[in-house]
Structures are given as structure tokens and as C-alpha cells.
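Peer 1: Provide a 3D model corresponding to the input given below.
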Amino acid sequence: MSKILTKDEILKIEDIKTEEVEVPEWGGVVLVKTMSGRERDQLESSVITKPGERNLTNLRAKIVSLSIIDVDGNRQFSFDDAILLGDKSARALDRVFTVAQRLSGFTPEDVKELSKKSEPNQVDDSTSG
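Peer 2: Numbers count the residues shown, from 1 in each chain. Model prediction:
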């Protein structure tokens with residue numbers, strides 16, 4: 001049996017990973033991090049506009065805005081900056097998005113799930129996070 005972790009042990013674990021991503025279109029490297037649970041929830045709640053409707057507009061830029069950090073670990077962009085990032089090169093965004101997606105465990109199936117249009121009376125009880 002595996003060790004049962006305590007609250008203190010869980011909270012002390014450094015589980016946010018980072019990775020440098022070369023972005024030639026931007027002339028350098030950016031530091032990309034794993035999204036926190038809170039950031040993932042913010043992303044997912046921004047996609048659900050009302051029951052049964054999803055809006056994936058600017059999804060890549062939203063994920064990038066939640067994932068690029070400076071050397072001190074501070075986010076470089078606010079979530080609202082996604083609109084500005086969305087105007088950047090699709091190729092550059094995709095480079096960063098791909099790494100952010102992998103680091104955060106955001107699978108292609110998750111994207112498909114977000115993009116599904118729910119039935120009008122269907123309750124979305126997904127607990128992915």
C-alpha cells in the first residue's frame with residue numbers, strides 16, 4: 001500500500017512544473033508552467049457561457065495567458081490579456097499552448113469535452129480539473 005499523505009505534506013509539495021519554450025516568432029524563450037486547479041477552473045468557467053452552450057473563442061490564448069511566467073514564478077499576463085495574446089501569431093501561440101496543455105494535463109479529450117454542446121436539459125457533472 002502506498003503512503004497516505006497528510007494535509008501538511010500535500011500542501012508542501014511543489015507540483016507546479018515549468019518548461020522553457022523557444023518561440024522564434026517572438027525572438028526568444030518563454031517560461032511555461034503547469035496551471036493550478038484554480039486557473040483550470042477559471043478557464044473552464046470562461047468557456048461555459050450558459051447552460052448547454054460553450055464558447056471556445058481564443059481558447060489557446062486563454063491557456064497561454066494562464067501559463068507564461070517570469071523567472072520569479074509570477075504570471076506575465078492576466079486572464080484578460082488573452083484578448084491581446086489572441087492577436088499574436090497562431091504558430092507562436094500553438095508552440096506555447098502545446099507545452100502548457102501537456103504540463104497541465106489538458107488532453108485533446110478535455111478540449112473535445114469543453115467543445116461539446118450539451119443538451120438543453122443535460123446537467124454537466126464533470127469533475128475534471
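Peer 1: ranges for the strands of the protein?
Peer 2: Ranges of strands in the chain, per DSSP state E, are 18-23, 28-33, 48-50, 53-54, 68-69.
Peer 1: which one, of the ones you listed, ends up nearest to V111?
Peer 2: Minimum separation from V111 across the strands of the chain (C-beta to C-beta) falls at strand 53-54, 10.6 Å. No exception for glycine: its C-beta is placed from N, CA and C like everyone else's.
Peer 1: average pLDDT across the closest one?
Peer 2: Per-residue pLDDT values over strand 53-54 give a mean of 86.
Peer 1: ditto for stretch 25-37
Peer 2: 97.
Peer 1: can you give me the buried ones in that stretch?
Peer 2: V30, L31, V32, K33, T34, M35 (16 or more other C-beta atoms under 10 Å).
Peer 1: where are the low-confidence patches of the protein?
Peer 2: Along the chain, the parts satisfying pLDDT under 70 run over 112, 115-129.
Peer 1: run through the helices of it in chain order.
Peer 2: For the chain, the helices defined by DSSP state H occupy 7-12, 37-47, 59-65, 82-85, 90-103, 108-115.
Peer 1: and of these, who's closest to V71?
Peer 2: helix 90-103 (16.4 Å).
Peer 1: distance between that closest one and the chain's centre?
Peer 2: Remark: helix 90-103 is offset 10 Å from the chain centroid, using C-alpha atoms, centre = their mean, to the nearest Å.
Peer 1: could you do stretch 11-31 as well?
Peer 2: Stretch 11-31 has its C-alpha centroid displaced from the chain centroid by 13 Å (C-alpha atoms, centre = their mean).
Peer 1: show me the contact partners of that stretch.
Peer 2: With contacts defined as C-beta atoms under 8 Å, 6 or more residues apart in numbering, stretch 11-31 is touched by 32-34, 36, 68-71, 73, 76, 88-89, 91-92, 95-96, 99, 103.
Peer 1: next one: stretch 58-69
Peer 2: 18, 30-35, 39, 42-43, 46-47, 75-79, 81-83, 85-86, 88, 90, 93-94, 96-97, 99-101, 103-104, 106, 111, 114.
Peer 1: quick one: terminal-to-terminal distance for it?
Peer 2: 19 Å (C-alpha to C-alpha, to the nearest Å).
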